[in-house]
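S.K.: sequence plus predicted model, see below.
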Amino acid sequence: MPAPVHLFDHPLVQHKLTLLRRKQTCTAEFRSLLGELSMLMTHDLTRHLPLREVEIQTPLAPARGRLIEGKKLVFVPVLRAGLGLLDGMLAVIPNARVGHIGLYRDETTLKPVQYYLRLPEGMPARDAIVVDPMLATGNSAVAALDLVKAAQPRSLRLVCLVSCPEGLANLRARHPDVPVYTAAIDERLNERSYILPGLGDAGDRYFGTRA
């Protein structure tokens, strides 16, 4: 049975995603909203992290508390758009390690082309989260998961902001064991394989590389 698709349905996530989608949202506001969204999604994404009990001293008395077990989380953004989600995630979990995967889409074949890969050491002891704002055809996500899986992480998940049925189907066919976390499942792809209604090119909007 395929791993589940988890929908970030918190009202704040949906509110900020709607603001992010608007054509008139400027680059500065887009960056701010994307950072806020990534922090909100990270809270939900990490709700099942294991905890351990510890003894501490408050200003008034001894107490027992709980801390996250270990420091084995690694975020792996897909360059370049995945960087837009990374800062917010690190704001919530500053001790997480970071890997990078460089992929771009060949506009003729729609296939991903790899140009960079760097992952932390000791991946078999780490829980990996691949990060990319858009799951369109799913080809880049499949390629990224192929690369991370080859490093044999302890667990593997994919986080995207906006997805669509075609991309999810492609991912399920190639990586049925990987859970997907997304804030929206949009209608479909257009003839250029962009998500509709989507939000445009997340990388261009975040970095301001296209008017």
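M.R.: Noted; the coordinates are in hand.
S.K.: tell me the mean pLDDT over the longest strand that the chain contains?
M.R.: Secondary structure of the chain per DSSP state E: the longest strand is strand 155-163. Here strand 155-163 scores 96 as its mean pLDDT.
S.K.: which of the three states applies to the residue lying closest to residue 91 once chain neighbours are set aside?
M.R.: Closest residue in space to residue 91, ignoring its immediate chain neighbours: residue 39 at 5.8 Å, by C-beta to C-beta, 6 or more residues apart in numbering. Quick note: C-beta positions are derived from backbone N, CA and C, even for glycine. When classified by DSSP: H, G, I helix; E, B strand; the rest coil, residue 39 comes out as helix.
S.K.: equivalent analysis for residue 43, please.
M.R.: Following three-state DSSP, we place residue 43 in the helix state.
S.K.: that one: what's it in contact with?
M.R.: residue 92 (C-beta atoms under 8 Å, 6 or more residues apart in numbering).
S.K.: do that again at 10 Å, thanks
M.R.: 8, 10, 13, 92, 93 (C-beta atoms under 10 Å, 6 or more residues apart in numbering).
S.K.: okay, the residues you listed in a markdown table with distance to residue 187, neighbour count and pLDDT next?
M.R.: Below are the contacts of residue 43 laid out as a markdown table (distance: C-beta to C-beta, whole Å; neighbours: other C-beta atoms under 10 Å; pLDDT from 0 to 100):
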| residue | distance to residue 187 | neighbour count | pLDDT |
| --- | --- | --- | --- |
| 8 | 18 | 20 | 94 |
| 10 | 22 | 14 | 94 |
| 13 | 19 | 20 | 96 |
| 92 | 31 | 15 | 92 |
| 93 | 33 | 18 | 91 |
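S.K.: okay, and residue 143 sits in which element?
M.R.: helix 139-150 (DSSP states H and E).
S.K.: buried sites along that helix?
M.R.: 139, 140, 141, 142, 143, 144, 145, 147, 148, 149 (16 or more other C-beta atoms under 10 Å).
S.K.: residues contacting the third one?
M.R.: Think residue 141. Contacts of residue 141 (C-beta under 10 Å, 6+ apart): 78, 103, 112, 130, 132, 134-135, 158, 160, 163, 167-168, 170-171, 174-175, 178, 180.
S.K.: would you mind listing which of those residues are buried?
M.R.: So, by 16+ other C-beta under 10 Å, the buried ones in these are 78, 103, 112, 130, 132, 134-135, 158, 160, 163, 167-168, 170-171, 175, 178, 180.
S.K.: which of these fall in strands?
M.R.: Those of the buried ones among the contacts of residue 141 lying in strands (DSSP E): 78, 103, 112, 130, 134, 135, 158, 160, 163, 180.
S.K.: point out where this protein drops to low pLDDT.
M.R.: Within the chain, the stretches with pLDDT under 70 are 70-71, 110, 211.
S.K.: show me where it has helices.
M.R.: Secondary structure of the chain (DSSP state H): helices at 11-21, 27-45, 83-92, 139-150, 165-174, 202-207.
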